[in-house]
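1. Next one to model:
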Amino acid sequence: MGQITTPEPVERRRQEETQEKMLTFCVKGVLSAHHTNLSDVEEEDKLCIDECGLDRRMYIVQAVNDLWEINPMHSSEEWDIEEGRKCELVLIGQNLDKDIFSHGFRACFTCGTNK
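-> The predicted structure follows:
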């Protein structure tokens, strides 16, 4: 990449503007997916979904700032039948409120599915 120059002064953000604000810098994680509406699922993906709507594949979550990606892992990386499924996220940021994130994360869970 080449050099970037400008004669304009850079605006310095005041520390007070970001001091109380929750800032998420990076998110990594793994998810267990449950499909409640198979009409929204592409045909080739339906092969990875059991009769209860559980996807056999692990889903990887990656995010930097506001850019998010949630993708299934390769089909060779499936949940082991003996292994308990889990949804787990690791967040790196500033002024993160654990209760707010925990509540929002748990709101995504499918009721009655603890496989």
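2. So Arg57, which state does it fall into?
-> Look at Arg57: counting by DSSP: H, G, I helix; E, B strand; the rest coil, its state is strand.
3. Report the separation between it and Gly104.
-> According to C-beta to C-beta, to the nearest Å, Arg57 stands 23 Å off from Gly104. Placement of C-beta: from N, CA and C, glycine included.
4. These two: which is more packed in?
-> Arg57 (21 against 9; other C-beta atoms under 10 Å).
5. Check which residues of stretch 57-74 are buried.
-> Neighbour-count burial for stretch 57-74 flags Arg57, Met58, Val61, Ala63, Pro72 (criterion: 16 or more other C-beta atoms under 10 Å).
6. mean confidence score for stretch 69-89?
-> What stretch 69-89 shows for mean pLDDT is 85.
7. how long is that stretch from one end to the other?
-> Using C-alpha to C-alpha, to the nearest Å, one end of stretch 69-89 lies 13 Å from the other.
8. For it, which outside residues touch it?
-> The contact list for stretch 69-89 (C-beta atoms under 8 Å, 6 or more residues apart in numbering) reads 27-33, 45, 48, 54-63, 105, 108-109, 115.
9. Filter these down to the ones in strands?
-> 27-33, 54-63 (DSSP state E).
10. Output the longest helix along the chain as PDB - backbone C-alpha positions only.
-> Once the chain is assigned using DSSP state H, the helix that runs over the most residues is helix 98-106. Output of helix 98-106 as PDB, limited to C-alpha atoms (Å, rounded to 0.1, in the frame of the first residue of the first chain):
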ATOM      1  CA  LYS A  98     -20.900  -8.800  30.800                       C
ATOM      2  CA  ASP A  99     -24.600  -8.800  31.800                       C
ATOM      3  CA  ILE A 100     -25.700  -7.000  28.600                       C
ATOM      4  CA  PHE A 101     -23.700  -9.400  26.400                       C
ATOM      5  CA  SER A 102     -24.700 -12.500  28.300                       C
ATOM      6  CA  HIS A 103     -28.400 -11.500  28.100                       C
ATOM      7  CA  GLY A 104     -28.200 -10.900  24.300                       C
ATOM      8  CA  PHE A 105     -26.200 -14.100  23.800                       C
ATOM      9  CA  ARG A 106     -28.700 -16.200  25.700                       C
END
